[in-house]
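Undergrad: Here's a sequence, model it:
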Amino acid sequence: MNFALTHDAVRLRLVKMRDVKSLERLILGHRAWLRPWEATIPNAPQSFDIKAMVRGLLRQADDGWGFPFIIEVDGEIAGQLNVANVLYGSVSNAVIGYWVSPEVAGRGVAPTAVALVTDYLFNQVGLHRVEIAIRPENVASLRVVQKLGFRFEGLKERYIHINGDWRDHYVFALTREEVDGGVLNRWLRARVPAIAYPFEAKSKHTEPNA
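TA: I've put the predicted structure just below:
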């Protein structure tokens, strides 16, 4: 597969082995930024074998179970977006995970990337549902799904091993019927419906200075 998804300065393409050194520099150069959100393996040391990681992602892509994207901004690698656990047929679902470097954070890169890939999964791959799981503490990622109008589906307790322990995650999703005009188009045209997220109300109630 050799294609790209683009909007303005943001471009997504499938990862290649030649990206290993650039990813290694980016990941190892931003440890404090990335470490709180990185998946880990219980009772095992953290691995920084980026080459092995890329090979694993490419195997998943070859088998049809994933789409490992590189996020580029103005031609430079700025993060990753991985589509995993792709299921077809009666389930027709996939899970998205992503990260961007601090240099591009707050510039709309992450929501643009998520919207581009979600539209691709709905319109080209033919999936019905896209899911994103986010730690309650990850405020930046929560803003991404809120901007794009992903529905809050609940809390999964001790769901994924992150940064050395089992962490709770909020789960968000969209189905194809909800975004007939496209996720990116809906966001750019400011047509994302107003959604009241229950965790927002809880946060405002429990924080006296909110």
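
Undergrad: This structure: helices as residue ranges?
TA: Here the chain has its helices, by DSSP state H, at 20-29, 31-34, 50-63, 109-120, 139-148, 183-188, 198-206.

Undergrad: can I get these in a markdown table with mean neighbour count?
TA: Yep, even glycine has a C-beta here, placed from its N, CA and C like the rest. Compiled in a markdown table, those are given as follows (neighbours: other C-beta atoms under 10 Å):
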| stretch | mean neighbour count |
| --- | --- |
| helix 20-29 | 15 |
| helix 31-34 | 13 |
| helix 50-63 | 15 |
| helix 109-120 | 24 |
| helix 139-148 | 18 |
| helix 183-188 | 19 |
| helix 198-206 | 11 |
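
Undergrad: Just put those helices in JSON lines and tack on distance to Ala94 and mean pLDDT.
TA: Below are the helices of the chain laid out as JSON lines (distance: least, C-beta to C-beta, whole Å; pLDDT from 0 to 100):
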{"stretch": "helix 20-29", "distance to Ala94": "22", "mean pLDDT": "95"}
{"stretch": "helix 31-34", "distance to Ala94": "23", "mean pLDDT": "92"}
{"stretch": "helix 50-63", "distance to Ala94": "11", "mean pLDDT": "95"}
{"stretch": "helix 109-120", "distance to Ala94": "9", "mean pLDDT": "98"}
{"stretch": "helix 139-148", "distance to Ala94": "15", "mean pLDDT": "96"}
{"stretch": "helix 183-188", "distance to Ala94": "14", "mean pLDDT": "98"}
{"stretch": "helix 198-206", "distance to Ala94": "24", "mean pLDDT": "59"}
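
Undergrad: Thr6: which of the ones you listed is closest?
TA: helix 109-120 (7.6 Å; C-beta to C-beta).

Undergrad: tell me what that closest one is packed against?
TA: Applying 3 or more C-beta pairs under 8 Å, 6 or more residues apart in numbering; DSSP states H and E, one finds that helix 109-120 contacts strand 4-7, strand 10-14, strand 67-73, strand 76-87, strand 93-100, helix 139-148, helix 183-188.

Undergrad: Give the partner strands of the third one in its sheet and their orientations.
TA: For strand 67-73, sheet partners with direction are given as strand 10-14 (antiparallel), strand 76-87 (antiparallel), following DSSP bridges.
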